[in-house]
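In: this one's structure only:
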Ligand code: 26W
């Protein structure tokens with residue numbers, strides 16, 4: 001590969017002013033920061049574009065095998081600084097912006113987050129795009145170009161209010177429309193079998209067509225000429241208005257079809273880990289999957305003239321079950337459009353699709369009503385029946401007719417289509433996202449399928465883009481790492497291990513402490529600017545940021561804070577390490593309990609923060625609108641990372657890794673990737689607590705009685721009673737108390753908060769004690785950073801490439 005061409009500050013200034021003049025008709029003096037942002041984005045886009053064209057050429061002339069990463073979510077965040085960083089242009093671009101009279105940090109802040117995702121699954125996809133590109137894997141991401149991303153959260157009177165996230169006005173600076181690569185997607189209608197001289201055909205009539213227009217976002221890798229694309233499909237109606245209806249005077253009806261078609265890409269569903277069988281969601285899934293598969297097939301056919309070798313040239317990775325319809329869609333194309341027989345088509349499909357599972361929560365598993373698929377996707381439905389029937393026969397033979405095995409594995413059952421079972425049936429690999437999670441898939445969720453085809457099942461532990469989540473967002477730490485001689489960690493994340501040589505070096509440890517303190521101050525300054533809240537930077541920053549879900553147990557954190565508060569009130573001399581508790585979390589708009597917990601955090605915050613007894617000792621702050629760009633400021637400033645889900649429930653977690661890499665210590669359960677963190681850290685570098693996954697299962701089996709913990713632990717009783725009494729702001733939390741003690745329709749304390757309370761409190765005491773000894777704390781922090789290399793997404797992508805994709809990567 002040729003040497004990387006670079007650009008000087010002067011060259012970038014010329015390119016930027018050129019864009020301002022040509023695209024916006026303005027000189028620099030007249031440009032607003034919005035013009036300026038767009039001009040910078042366009043300049044970088046041109047640079048990436050050159051590499052993209054060269055990459056496409058290389059992939060096609062060398063006939064390279066490619067990855068297609070299908071995901072309904074890509075939580076990209078901002079791109080200007082990231083692209084500049086990856087292109088090696090951050091310094092000259094910053095200088096150019098400043099020389100043109102703008103503040104570079106302010107300009108980076110004007111970019112809206114591309115919030116095309118809910119949380120973990122979507123952010124993982126974004127990190128993987130970066131690593132796939134940096135490691136020179138020929139890869140394309142596919143998703144929907146949602147007009148509205150994840151909602152913006154406001155807190156009004158302590159409660160979450162959702163506002164639309166209209167990101168495209170500025171965010172589209174990165175998107176390149178490719179009208180000529182538009183695909184047609186068909187919904188509804190009916191299918192008939194037709195026989196003629198050439199044999200059997202399927203005729204689909206009376207369908208509605210929706211156009212899928214690609215909006216490509218080009219992805220620059222770090223220190224490479226390689227570039228990849230994230231293809232976002234935008235839904236458009238094939239006709240602006242229905243002229244027939246229009247001329248017959250039915251004006252509104254005439255525009256209806258257009259509106260219907262375009263609602264498909266209107267909005268990202270904000271439910272995370274919770275399935276709702278909404279027909280618009282099914283339309284989104286099929287829309288994006290059909291456009292994607294057609295586009296891959298079209299390019300393949302143009303290049304090879306046949307689909308015989310399709311599975312040799314492509315691997316289709318599906319991110320959870322949301323893109324599962326890729327399986328019957330590829331079958332449809334092979335059968336109906338290419339004329340393959342069932343066996344030949346099935347061979348191709350089952351050798352190119354692989355499935356990653358991201359959750360074991362029963363309520364998150366997709367089970368589509370058969371009726372919905374039947375009417376919306378009649379041809380796909382026929383194919384599903386065929387797949388399901390054949391599979392069920394195989395299972396019946398294999399299990400000698402044992403229905404207790406066959407029924408749970410069936411694809412169509414009880415009027416529903418079970419997407420996870422379809423994936424397990426058709427995919428050549430199924431992976432979980434952490435060691436524990438993959439184990440649970442084998443031992444529990446897909447146990448019998450595992451016994452039948454053990455070779456399918458594997459693990460790839462998640463990872464994060466360490467260039468974004470360490471080097472770019474924490475430049476001071478990055479500098480320390482370089483000064484310690486570990487500068488090559490950007491492409492060799494394991495090199496972070498070299499830091500461990502300094503674990504007894506007082507100078508390095510105190511510098512690490514100073515960096516954390518400085519990051520805390522700059523985060524506090526940002527919070528003060530944004531919201532007026534003044535954080536106590538002398539206290540330990542104890543942080544829990546993630547989607548709000550009962551299994552993640554934000555409520556356990558709050559119960560513990562309430563108990564600290566009660567102790568402080570009882571005994572002003574109560575010895576305890578001052579803490580600033582920071583929360584950030586969006587709740588799905590329809591998830592009432594989650595919203596109630598947000599309100600509780602705000603009620604407790606209100607009480608604690610204005611009580612003089614807590615001054616300089618205890619502070620609680622709910623950070624509004626948690627998102628990628630907020631996380632980038634927060635991670636470097638965090639000291640204690642709360643990873644406290646009920647063991648067995650969190651598939652992996654990736655926030656846990658971001659904290660660790662930025663030197664925060666973890667208080668956590670042995671769940672998800674915390675298990676692997678513990679494995680590399682040992683008991684002495686992490687604050688573990690709580691029941692293990694096996695113990696949770698046993699306790700549930702025996703019949704867990706939360707009430708007994710309440711009765712036998714007076715401190716805990718007092719905390720729960722306080723929920724009944726409230727926090728002086730008129731809001732009532734007896735519903736949450738009832739849920740913990742008696743259940744509220746469901747099992748009492750489903751996520752075992754009361755069972756883990758005491759152990760959680762002990763772990764906090766231990767963390768507090770270590771904090772009082774800065775050298776010891778900094779030493780643990782250094783060890784955490786040094787051993788975090790395995791959580792780089794580069795490692796994950798190398799695992800995928802080797803274990804699943806069979807694709808070579810950059811050495
Ligand atoms: C159908 C509704 C729905 C929407 C999103 C169901 C499930 C999801 C996602 C799979 C939920 C999710 O984001 N899971 C998270 O995936 C991360 C990346 O692997 C893991 O780190 C988290 O532990 C897991 O909760």
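Out: Here it is on my side, so go on. Quantities reported herein were computed from a predicted structural model and do not represent experimental measurements.
In: Compute the number of surrounding residues for the closest residue in space to residue 208 that isn't next to it in sequence.
Out: Leaving aside its sequence neighbours, residue 208 sits nearest to residue 187 (C-beta to C-beta, 6 or more residues apart in numbering; 4.9 Å). In this view, the C-beta of every residue, glycine as well, is placed from N, C-alpha and C. Neighbour count of residue 187, defined by other C-beta atoms under 10 Å: 20.
In: so how far is residue 566 from residue 187?
Out: 58 Å (C-beta to C-beta, to the nearest Å).
In: buried ones in stretch 390-398?
Out: Buried residues in stretch 390-398, defined by neighbour count with 16 or more other C-beta atoms under 10 Å: 391-392, 395, 398.
In: Please list the outside residues in contact with that stretch.
Out: Defining contact as C-beta atoms under 8 Å, 6 or more residues apart in numbering, one finds that stretch 390-398 is touched by 405-406, 409-411, 425, 452.
In: which of those lies closest to residue 90?
Out: Distance to residue 90, by C-beta to C-beta, is smallest for residue 425 among the contacts of stretch 390-398, at 46.9 Å.
In: so is residue 719 in a helix, a strand, or just coil?
Out: Classification of residue 719 using DSSP: H, G, I helix; E, B strand; the rest coil returns helix.
In: Now do the buried residues in stretch 362-374.
Out: Neighbour-count burial for stretch 362-374 [16+ other C-beta under 10 Å]: 364-368, 370, 372-373.
In: average pLDDT across it?
Out: The average pLDDT within stretch 362-374 is 97.
In: do stretch 707-722 as well
Out: In the prediction, stretch 707-722 has an average pLDDT of 98.
In: Farthest pair within the buried residues of stretch 362-374?
Out: Pairwise over these, using C-beta to C-beta, the maximum falls at 364 and 370, 20.1 Å.
In: In TSV: the contacts of stretch 390-398, plus pLDDT.
Out: Shown next, in TSV, are those (pLDDT from 0 to 100):
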residue	pLDDT
405	97
406	98
409	98
410	98
411	98
425	98
452	98
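In: near the ligand, which residues of the chain?
Out: With the criterion set to C-beta under 6 Å from any ligand atom, the chain comes near the ligand through 118-121, 124, 271-275, 320, 358-359, 364, 366, 433, 462, 650-654, 672.
In: quick one: low-confidence parts of the stretch 1-150 of the chain?
Out: Within the stretch 1-150 of the chain, the ranges that satisfy pLDDT under 70 run 1-4.
In: Could you pull out the helices in it for me?
Out: Taking DSSP state H, counting those that start in this stretch as the criterion, the stretch 1-150 of the chain contains helices spanning 9-24, 33-61, 80-86, 90-99, 104-110, 120-134.
In: So which of those helices is the most surrounded?
Out: Most buried of these by mean neighbour count (mean count of other C-beta atoms under 10 Å) is helix 120-134; its value is a mean of 26.
In: what's that helix packed up against?
Out: Packing partners of helix 120-134 (3 or more C-beta pairs under 8 Å, 6 or more residues apart in numbering; DSSP states H and E): strand 66-70, strand 74-77, helix 80-86, strand 139-144, strand 208-220, strand 227-236, strand 314-319, helix 793-800.
In: what's the span of stretch 262-274 from first residue to last?
Out: Using C-alpha to C-alpha, to the nearest Å, the end-to-end distance of stretch 262-274 comes out at 25 Å.
In: neighbouring contacts of that stretch?
Out: Everything outside stretch 262-274 that qualifies as a contact, by C-beta under 8 Å, 6+ apart, is 73, 115-119, 121, 144-151, 162, 210, 233-237, 276, 278, 280-281, 283-284, 287, 359, 361, 363-364, 547, 549, 586, 588-591.
In: That stretch: how far from the chain's middle?
Out: The chain centroid and the centroid of stretch 262-274 are separated by 14 Å, computed with C-alpha atoms, centre = their mean, to the nearest Å.
In: Would you map the helices across the stretch 201-350 of the chain?
Out: Using DSSP H, counting those that start in this stretch, the helices of the stretch 201-350 of the chain run over residues 243-247, 251-263, 279-304, 310-313, 326-332, 342-350.
In: who does the first one touch, helix- and strand-wise?
Out: Counting by 3+ C-beta pairs under 8 Å, 6+ apart, the packing neighbours recorded for helix 243-247 are helix 251-263.
In: Please identify the buried residues of the helix it packs on?
Out: Result for helix 251-263 [16+ other C-beta under 10 Å]: buried residues 254-255, 257-258, 260-262.
In: ok, and what's touching stretch 242-257?
Out: So stretch 242-257 is contacted by 208, 237, 239, 241 (C-beta under 8 Å, 6+ apart).
In: and the residue lying farthest from the centre of the chain, how far is that from the ligand?
Out: What lies farthest from the middle of the chain is residue 197; by C-alpha atoms, centre = their mean that is 51.2 Å. To the ligand, residue 197 is 46 Å away according to C-beta to the nearest ligand atom, to the nearest Å.
In: Ramachandran angles for the spatially closest residue to residue 740 that is not a sequence neighbour?
Out: With C-beta to C-beta, 6+ apart as the criterion, residue 740 has its nearest non-adjacent residue at 4.7 Å, and that residue is residue 749. Main-chain torsions, residue 749, degrees, to the nearest 10: phi 50, psi 60.
In: Please name the residues that touch residue 749.
Out: Contacts for residue 749 were tallied using C-beta under 8 Å, 6+ apart; they are 704, 706, 739-741, 743, 755.
In: next one: residue 371
Out: residue 415.
In: Can you point out the buried residues in the helix or strand of the chain with the lowest mean pLDDT?
Out: When each helix and strand of the chain is scored by mean pLDDT, DSSP states H and E, helix 243-247 comes last, with a mean of 76. The neighbour-count check on helix 243-247 (16+ other C-beta under 10 Å) flags residue 245 as buried.
In: Please identify the buried residues of stretch 673-692?
Out: Buried residues in stretch 673-692 (16+ other C-beta under 10 Å): 673-678, 680-681, 685-692.
In: Over to stretch 23-32?
Out: 24, 26, 28, 31.
In: Which of these sits closest to residue 94?
Out: After measuring the buried residues of stretch 23-32 against residue 94 - C-beta to C-beta - the closest member comes out as residue 28, at 16.1 Å.
In: shouldn't the closest one be in contact with residue 99?
Out: No - applying C-beta atoms under 8 Å, one finds residue 28 not in contact with residue 99, separated by 9.8 Å.
In: In TSV, list the buried residues of helix 251-263 along with pLDDT.
Out: What follows is the buried residues of helix 251-263, written out as TSV (pLDDT from 0 to 100):
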residue	pLDDT
254	70
255	79
257	75
258	80
260	86
261	92
262	94
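In: which among those residues gets closest to residue 171?
Out: Closest to residue 171, out of all of the buried residues of helix 251-263 and judged by C-beta to C-beta, is residue 262, at 18.1 Å.
In: That closest one and residue 281: what is the separation?
Out: Residue 262 is 16 Å from residue 281, by C-beta to C-beta.
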